[in-house]
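Asker: Provided below are the primary sequence and the corresponding predicted coordinates.
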Amino acid sequence: MFKAIFGKKEKICKNCIAYNGKLGICNVIILHEGQKINLPVSANDSCFFEQKVINPDTGEEETLNEIAQVRIWCEDEKGIQSENGTVKVEYPVDFVPKKVN
């Protein structure tokens, strides 16, 4: 995913299509305990999602790359986007794990 976002540019926020400079946030939403969170970022910050992390299961260093596009909107009974109605969610097939521990 990030190759498509950054290409050959330096992996910093100002080079990313997910950067919202007006609000100073990353538009990638983190879902945590049912809450939507946007990371506050500055233009020259390194991409948070390109950071190396230690996998607690294996102890190995890995690149954090668990980004998936999920669309959420609300439609009325006629299928038109509205403030009230039925919540619709569109997500990749592998977004929800098959096995939950």
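Answerer: Okay, I see it.
Asker: ok, Glu60 - how many residues close by?
Answerer: Neighbourhood size, Glu60 [other C-beta atoms under 10 Å]: 8. For every residue, glycine as well, the C-beta is placed using N, CA and C.
Asker: now Ile29
Answerer: Other residues within reach of Ile29, judged by other C-beta under 10 Å, total 16.
Asker: Please identify the helix or strand for it.
Answerer: strand 25-32 (DSSP states H and E).
Asker: contacts for that strand?
Answerer: 13, 16, 18-20, 36-41, 48-49, 67, 70 (C-beta atoms under 8 Å, 6 or more residues apart in numbering).
Asker: mind running it again at 6 Å?
Answerer: 18, 20, 36-41, 67 (C-beta atoms under 6 Å, 6 or more residues apart in numbering).
Asker: if I look at the residue most central in space within the chain, how far off is Pro56?
Answerer: By C-alpha atoms, centre = their mean, the mean C-alpha position of the chain lies nearest to Val28, the distance being 3.4 Å. Computed as C-beta to C-beta, to the nearest Å, the Val28 to Pro56 distance reads 22 Å.
Asker: before we move on, what about Ser82?
Answerer: Distance of Ser82 to Pro56, computed by C-beta to C-beta: 42 Å.
Asker: The two - which one has more neighbours?
Answerer: Ser82 (13 against 6).
Asker: For that one, give its distance to Lys52.
Answerer: 43 Å.
Asker: in the chain, which spans are helices?
Answerer: For the chain, applying DSSP state H gives helices covering 2-6.
Asker: Tell me where the model's unsure across it.
Answerer: 1-8, 51, 64-68, 97, 99-101 (pLDDT under 70).
Asker: which residue sits farthest out from the middle of it?
Answerer: Most distant from the centre of the chain: Lys78, at 29.6 Å, with distances by C-alpha atoms, centre = their mean.
Asker: and that residue, what does it touch?
Answerer: By C-beta under 6 Å, 6+ apart, the contact set of Lys78 is empty.
Asker: Distance-wise, check it relative to Thr86.
Answerer: The gap separating Lys78 from Thr86 is 11 Å, by C-beta to C-beta.
Asker: do the same with Asp57
Answerer: Distance from Asp57 to Thr86, counting by C-beta to C-beta: 38 Å.
Asker: Noted, bye for now.
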